[in-house]
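K.L.:
Test case, fold it:
(chains A and B)
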Amino acid sequence: MANPQRTIPAPPSNPETTAFWDGATHGKLLIKTCRACRQTHYYPRALCPFCFSDATEWETTAGTGTLYSYSVMRRAEVPYAIAYVTLDEGPTMMTNLVDCDFDALRIGQRVKVKFTPTDGGPPVPTFTPA
Amino acid sequence: MSIKGQAYIAGVYEHPTRKADDKSLAQLHAEVAKGALEDAGLTKDDVDGYFCAGDAPGLGPLSMADYLGLELRHMDTTETGGSSYVVHVGHAAQAIAAGKCTVALVTLAGRPRAEGMATGTAPRNYGAAAPDVQFEYPFGPTVVNQYAMCAMRHMHEFGTTSEQLAWIKVAASHHAQHNPHALLRDVVTVEQVVSSPIIADPLHRLDCCVITDGGGAVVVVHPDVAKRLKRPRVRLLGAGEAVKHQMGGKVDLTYTGAVRSGPIAFAEAGVKPSDIKYVSIYDSFTITVLMTLEDLGFAAKGQGGKFVADGNLIAGTGKLPFNTDGGGLCNNHPANRGGMTKVIEAVRQLRGEAHPKVQVKNCDVALAHGTGGSLGTRHASATVIMERE
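P.N.:
Numbers count the residues shown, from 1 in each chain, chains lettered A, B, ... in the order given. Model prediction:
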């Protein structure tokens, strides 16, 4: 059984991250890849956090991954599930799990991105069981 | 340059209040400063170094030096959340060893209860310019659910149970019953912990620390100053600090920065975990203690649950007595920052001034460890090791 969805606050974007949120608006989950060291990272930065090169570029992910960890915040007006999802491209990102039965969640399960509207901002990448 | 033997903790003070409706923030800082200086047998005019963190009002050391009437030649405002004051003790020793000051005062104070702050259950937002905020704040990261994700992963990888975590709270409560200032003085059972309401899976209400007003202070001094004071001498042996974060997306919630701060402190001190008679371990949540004990080498990784079970942390019966004041879980977590009280109780133990019911026999070497920020995202770990001279 799906749980009711809490209101998600708008993410405060900035010039460094405009492309990420434009992508989200168009249903695409973007991460950064470094042309110098070929590593992907998250959250996205202008300079690679591994080699400090500024040759980072946006990459569109498949939007699929594996649940690394999660916790259902029970003491909240509308309970919600915070999580870390490891994308198939490598990086692990903080997110919410939506449209799911909180009591059936399991670490290691496959999940896919589903963008969820926010309160006056671009949608954010949340995940749902695949 | 090593700090070993270069500085002593000469004075400590923990404010007795747990709810400070009738006091200002600056006043609390002043009251703990006075308490620690009196404990040392020093006066305000002896202070030439001052250390404070983000809890200090106004422009930190400037506002506080003005308010307290201090003449300073050294100041340090390293801000690493709740571990700041453990970091400050190490930095004070470094400054003293380098000749930058001779009497260093470190203060902490806060009034989150009086201000009605939803400390653990409201999403934290450090401002839109914090680079992580737009990628985290929308998802509702609270203090509790971030640590809860660490507990969830630890359980998944190592089979750690809620009952094992509960033993940490049980041990703290056994100690708190003897502390007249402790916020929670009732001894609790494993059953009571695991049947308390879930705040964020898998952490229960009784897996969480208390929220209190008050504060504490420490005075770190040059050896020449320590030798002319009358109090038992507590000598600093080693200090280590480390930052752990998400590593660009290579998130691993199974360990803490103590894997680095601990070995640095042990190496400088020239001691090993088996030499430590008492530990003060940052206890924002039960899981914080369990992971830290593993990372400091008191238990193998993944074996922390078995290590803390069956009362092993209880003074008098367990192998490794911890947080004998009741810790943040039962006694005090002033300003939502527990590092200061960790140092203070370790000093009490080394002086033989802990409550007789929890005083560790022959307590010659002790360790205090702080965790600031969040184990679930980014945090600073700080370890100090000290001995009774």
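K.L.:
B:Ala382 contacts B:Gly370, doesn't it?
P.N.:
Yes: between B:Ala382 and B:Gly370 there is a contact under Cβ atoms under 8 Å: 4.5 Å. In short, each C-beta sits where N, CA and C put it, glycine included.
K.L.:
Which residue does chain A have closest to chain B?
P.N.:
Of all residues in chain A, A:Pro91 sits closest to chain B, at 2.8 Å by Cβ to the nearest Cβ.
K.L.:
who's B:Ser280 bridged to?
P.N.:
B:Ser280 forms beta bridges with B:Ala368, as assigned by DSSP bridges.
K.L.:
State the distance from it to B:Asp46.
P.N.:
Here the criterion is Cβ to Cβ, to the nearest Å. By it, B:Ser280 lies 26 Å from B:Asp46.
K.L.:
Which one's more surrounded, these two?
P.N.:
Remark: of B:Ser280 and B:Asp46, B:Ser280 carries more neighbours, 28 against 16, as counted by other Cβ atoms under 10 Å in any protein chain shown.
K.L.:
Please tell me how far that one sits from B:Val234.
P.N.:
13 Å.
K.L.:
The closest residue in space to B:His15 that isn't next to it in sequence and chain A: what is the separation?
P.N.:
Spatial nearest neighbour of B:His15, chain neighbours left out: B:Gly214 (3.9 Å); criterion: Cβ to Cβ, 6 or more residues apart in numbering or on different chains. B:Gly214 sits at a distance of 25 Å from chain A (criterion: Cβ to the nearest Cβ, to the nearest Å).
K.L.:
What backbone torsions are found at B:Gly214?
P.N.:
phi 130, psi -140 (degrees, to the nearest 10).
K.L.:
repeat for the one 3 residues further on
P.N.:
Backbone torsions of B:Ala217, given as degrees, to the nearest 10, read phi -150, psi 150.
K.L.:
what's the neighbour count on it?
P.N.:
With other Cβ under 10 Å as criterion, B:Ala217 counts 31.
K.L.:
for B:Val234, same thing?
P.N.:
The burial count for B:Val234: 26, using other Cβ under 10 Å.
K.L.:
Equivalent analysis for B:Gln177, please.
P.N.:
A total of 17 residues lie near B:Gln177 under the criterion other Cβ under 10 Å.
K.L.:
so A:Leu105 touches A:Tyr70, yeah?
P.N.:
Yes: between A:Leu105 and A:Tyr70 there is a contact under Cβ under 8 Å: 5.7 Å.
K.L.:
List the buried residues for the one helix or strand B:Ala265 maps to?
P.N.:
Assessed by DSSP states H and E, B:Ala265 sits inside helix B:258-269. Across helix B:258-269, burial judged by 16 or more other Cβ atoms under 10 Å in any protein chain shown covers B:258-266, B:268-269.
K.L.:
excluding its backbone neighbours, what's nearest the residue of the stretch 251-389 of chain B found nearest chain A?
P.N.:
Nearest residue of the stretch 251-389 of chain B to chain A, counting by Cβ to the nearest Cβ: B:Val251, 3.9 Å away. Of all residues not flanking B:Val251 in the chain, A:Thr92 sits nearest, at 3.9 Å (Cβ to Cβ, 6+ apart).
K.L.:
For the chain, which segments count as strands?
P.N.:
All of this is about chain A. A:30-34, A:40-41, A:56-60, A:64-73, A:80-87, A:92-97, A:110-116, A:124-129 (DSSP state E).
K.L.:
try chain B instead
P.N.:
Taking DSSP E, the strands of chain B run over residues B:8-14, B:49-51, B:74-76, B:103-110, B:198-200, B:203-204, B:214-221, B:234-244, B:278-281, B:365-373, B:379-388.
K.L.:
Could you export these as TSV, including distance to B:Val347 and mean pLDDT?
P.N.:
Formatted as TSV, the strands of chain B follow (distance: least, Cβ to Cβ, whole Å; pLDDT from 0 to 100):
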stretch	distance to B:Val347	mean pLDDT
strand B:8-14	5	98
strand B:49-51	16	98
strand B:74-76	20	98
strand B:103-110	12	98
strand B:198-200	32	98
strand B:203-204	30	98
strand B:214-221	8	98
strand B:234-244	5	98
strand B:278-281	9	98
strand B:365-373	8	98
strand B:379-388	7	98
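K.L.:
Between these, which one is closest to A:Cys51.
P.N.:
When the strands of chain B are compared by Cβ to Cβ, strand B:234-244 sits nearest A:Cys51, at 19.0 Å.
K.L.:
How about that closest one, which residues are buried there?
P.N.:
B:234-242, B:244.
K.L.:
same question, stretch A:32-44
P.N.:
Neighbour counts over stretch A:32-44 (16+ other Cβ under 10 Å) mark A:32-34, A:39-44 as buried.
K.L.:
and these near chain B, which?
P.N.:
Among the buried residues of stretch A:32-44, proximity to chain B is found for A:39-43 (Cβ under 8 Å from any Cβ of the partner chain).
K.L.:
What's the per-residue pLDDT of the residue of chain A positioned farthest from its centre here?
P.N.:
Here chain A reaches farthest from its C-alpha mean at A:Ala36, the gap being 24.4 Å by Cα atoms, centre = their mean. A:Ala36 is assigned 98 on the pLDDT scale.
K.L.:
circling back: which residues sit in contact with the residue nearest to B:His15?
P.N.:
Contacts for B:Gly214 (Cβ atoms under 8 Å, 6 or more residues apart in numbering or on different chains) come out as B:14-18, B:20, B:28, B:109-110, B:332, B:334-335.
K.L.:
Just the buried ones from those?
P.N.:
Here, 16+ other Cβ under 10 Å leaves B:14-15, B:17-18, B:20, B:28, B:109-110, B:332, B:334-335 buried among the contacts of B:Gly214.
K.L.:
and of those residues, the nearest to B:Leu320?
P.N.:
B:Asn332 (21.2 Å).
K.L.:
quick one on the thing from earlier: what is the residue nearest to B:Val251 paired to in the beta sheet?
P.N.:
Beta-bridge partners of A:Thr92, as defined by DSSP bridges: A:Thr86.
K.L.:
Check the gap between it and B:Glu268 for me.
P.N.:
Following Cβ to Cβ, the distance that separates A:Thr92 from B:Glu268 is 33 Å.
K.L.:
Would you mind listing what in the stretch 201-350 of chain B touches chain A?
P.N.:
B:201-203, B:246-251, B:253.
K.L.:
Neighbours of A:Asp119, how many?
P.N.:
When counting by other Cβ under 10 Å, one arrives at 9 neighbours for A:Asp119.
K.L.:
on that earlier part again, and the pLDDT at the residue nearest to B:Val251?
P.N.:
At A:Thr92, pLDDT is 98.
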